[in-house]
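kindly generate the corresponding structure for this input.
(2 chains)
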Amino acid sequence: MRILERKTLTDFLENRLADGEIIAPVEVEGRLYFRQLDPEKGLAELVWPAADPLSVDFTVNSIKEFFFPRRQELYEQRPDGIIPRAAPDQKPRLVLFVRPCDARGLTILDRVFLGEMEDESYRYARQSTTVVGLHCLQPDRHCFCTSLGGGPFETEALDLALTPLEGERFLAQGITEKGEAVLALLGGKEAGEAERKALEQLRKSAEAAIRRTIEVPDPQTMAERFDSPYWGEVSRACLTCGICSYLCPTCHCFDIVDEGYLRVRCWDTCSSDTFTRMAAGEDHRRRKRSRYRQRVYHKFSYFKESFDTHACVGCGRCTRHCPVKIDIVEIVNGIATAATAGSPATPESTSAGAKR
Amino acid sequence: MTPVQIYTPYAARLQELRVETRDVKTLRLVFQDEKVAEGFSFRPGQFVELSVAGEGEATFCLASSPEEKGFVECSVKRVGLVTEAIHRLDPSALVGLRGPYGNSFPLEQMEGRDLVFVAGGIGLAALRSLIKVVLAQPQKYGSILILYGARSVADLVYLEELEQWGSRKDLKTVLTVDPGGESADWKGEVGFVPAVLEKLNPGRKNTTVITCGPPIMIRYVLAALDKMGFDPEAVITTLEMKMKCGLGHCGRCNVGPLYVCKDGPVFTYAQIREFVEQII
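Below is the predicted model:
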């Protein structure tokens, strides 16, 4: 563990920006977003985290889009042939000030995209990126990472972890070989017992600051509540706008569409009423409540069954940004006490144009 | 970002676009690249993503036999944008094809057993590949019954094959049309597929039932089989679901813990019993 002056880090980042890409928090209209830094502007746009916990702000987006892009051109299909898209020159990238929850989101995407059917572009993006984490000093009222196996000082999927200290300094911890290599370049002085103690203190107070707990019911309870009228009640306010999916570090559903002769992959959401609708009109999730339920069950039941983890890192974005204040923690915590009976008498899968 | 090669299709040339009914056509496709043509293999029950330039991509089962070399066939019912574009394809047009994806029918487990195929409408396309493989070596199996129904006489697909199957002594083929769908000279059954199935009352012992059709038909066929006491482990169906990637990534065909594209599309009734209300 080393102590770095901000100046040391600045010099390193400026060098890095000359021959690589840096993705970091940038202020846009008063809010923080992860953006690729413009080399022309240097580090001018970068928003540094402060040691003052009260000044810490969260990025609106997660880092998902830099590994699984919102829109990705797959290939061109013309009437006379198929033209694969040439691979652009991917420079080594560095993602800076990534919170542990967002980094953990990568481990969940890994399970999907690096499985048996590997998505090469995702793998390449992962391999060419160094993830520099930022320990989370002050979680906000929507955070609940600790009840899902994460924590404000966790280091999963990070290469290097930084903790802001007083006096424009950082405590830096190499996690992977890649991170150790960066740390070797950075130099800095070895941290002493005082800094280690300070780090431990910060960790404890950050963990204590997380007040929310999500309690995912056991599989049996989940199964028993599947047909509960609860899903109609809790999803009533939902606008099906999909912001929860788009901002979620783990939601990975997508569409493949044609833009002229270009075939493009773009993010999609299971809340959309076209998500499962087939060409002839059949749709087994015609109702909003069944689509909302799908989101909850995919995250907290099916994904766990398939990949031994919930598809949620407790970052709180879906609640923080929901225009109608739908709260995932409240909804999941309410499942256990929801009624089991009262399922709709008729199955909802019927032909097109039927009642919605 | 590096290109996503897993989504790049093979180019395939349309060799024949056969009219089956007023809204079903069968495409016979030949891969443009000879190496691809030689290397492409699949098992009955698997599916592909077919695409038309500027129109999009959609999921279809492979309806030809893997033993027929040099081409593949898919049957397409005109219901939406992509299928409409496929129906309008010019002779010798170029399409995209990627796959094969998904699991397949458990042929080995079917050996030595009596087989009952129950199909409705375009659902026969999903069983045709398997039926062709089975009928190439019928001695491997016990008795074979094919029950096929359509809305009307004009909606029956694969007429030539239906006739061939009907004339064979080593299997029984029963055709039915929905009430009101019969023509003056119709010699088959009149009635919905599940009802005709109950009437035929095939033996349950050592029998595997393989069924595919419109969701409503599958639902009532499964209920009829339940009523007749068939073992859900020996009832096999293949599901249709909206899909985009075919690889278990895009999330669209997820139902319960299953992805229809990678865990299916072929399932036993036992596997899907608890979700059946949700999906069909």
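
for whichever residue of the stretch 251-356 of chain A sits closest to chain B, helix, strand, or coil?
Ranking the residues of the stretch 251-356 of chain A by distance to chain B (C-beta to the nearest C-beta) places residue A:279 first, at 2.7 Å. Every residue, glycine included, has its C-beta placed from N, CA and C. Look at residue A:279: counting by DSSP: H, G, I helix; E, B strand; the rest coil, its state is coil.

tell me where the stretch 101-250 of chain B has helices.
Assigned by DSSP state H, counting those that start in this stretch, the helices in the stretch 101-250 of chain B fall at B:107-110, B:124-136, B:159-167, B:193-200, B:215-228.

indicate whether stretch A:239-257 makes contact with chain B.
Yes. Stretch A:239-257 reaches chain B (C-beta under 8 Å from any C-beta of the partner chain) through A:252-257.

neighbours of residue 44, just the number please.
By default, I'm working from chain A. 9 (other C-beta atoms under 10 Å in any protein chain shown).

meant chain B actually
26.

so it sits against residue B:103, correct?
No. The pair residue B:44 / residue B:103 is not scored as a contact, 10.7 Å apart, by C-beta atoms under 8 Å.

so where's the stretch 51-200 of chain A shaky on pLDDT?
Along the stretch 51-200 of chain A, segments meeting pLDDT under 70 span A:51-56, A:88-89.

tell me the first helix or strand C-terminal of whatever helix or strand residue A:94 lives in.
Taking DSSP states H and E as the definition, one finds residue A:94 inside strand A:93-98. Counting by DSSP H and E, the next helix or strand C-terminal to strand A:93-98 is helix A:100-113.

who are the packing partners of that next one?
Packing partners of helix A:100-113 (3 or more C-beta pairs under 8 Å, 6 or more residues apart in numbering or on different chains; DSSP states H and E): helix A:120-127, strand A:129-134, helix A:303-307.

and that helix, what's buried?
By 16 or more other C-beta atoms under 10 Å in any protein chain shown, the buried positions in helix A:100-113 come out as A:100-106, A:108-113.

relative to its centre, which residue of chain A is most distant?
In chain A, counting by C-alpha atoms, centre = their mean, residue A:80 sits farthest out from the average C-alpha position, at 39.8 Å.

against chain B, how distant is that one?
6 Å (C-beta to the nearest C-beta, to the nearest Å).

next, that residue: phi, psi?
Backbone torsions of residue A:80, given as degrees, to the nearest 10, read phi -110, psi 10.

hmm, it is touching residue B:94, no?
Yes. The criterion here is C-beta under 8 Å, and residue A:80 meets it with residue B:94 at 6.4 Å.

which residue is the nearest non-sequential neighbour of the residue of the stretch 251-356 of chain A closest to chain B?
Nearest non-adjacent residue to residue A:279, counting by C-beta to C-beta, 6 or more residues apart in numbering or on different chains: residue B:80, 2.7 Å away.

now do that neighbour, the pLDDT please.
With respect to pLDDT, residue B:80 has a value of 93.

pop the domain breakdown of the chain in here.
Assuming you mean chain A. According to automatic domain parsing, chain A comprises the domains A:2-209, A:219-334.

not quite, I wanted chain B
Taken from automatic domain parsing, chain B resolves into B:5-101, B:107-279.

quick check: mean pLDDT of the longest one?
It refers to domain B:107-279. On average, domain B:107-279 scores 95.

check stretch A:255-262 too.
96.

distance to residue B:222 for the domains of chain A - can I get that in a markdown table?
Shown next, in a markdown table, are the domains of chain A (distance: least, C-beta to C-beta, whole Å):
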| stretch | distance to residue B:222 |
| --- | --- |
| domain A:2-209 | 30 |
| domain A:219-334 | 15 |
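
relative to residue B:96, how far out is the closest residue to residue B:7 other than its chain neighbours?
Distances taken as C-beta to C-beta, 6+ apart put residue A:74 closest to residue B:7, at 4.6 Å, once the chain neighbours are dropped. Separation of residue A:74 from residue B:96 (C-beta to C-beta, to the nearest Å) stands at 11 Å.

check residue B:23 too.
Residue B:23 is 23 Å from residue B:96, by C-beta to C-beta.

on that earlier part again, closest to residue A:31 out of the helices of the stretch 101-250 of chain B?
Proximity to residue A:31 (C-beta to C-beta) singles out helix B:215-228 among these, at 45.5 Å.

hang on, the earlier thing: out of the helices of the stretch 101-250 of chain B, nearest to residue A:48?
helix B:215-228 (56.5 Å).

might you report the residue contacts of residue B:115?
By C-beta atoms under 8 Å, 6 or more residues apart in numbering or on different chains, residue B:115 lies in contact with B:134, B:141-145, B:207-210.
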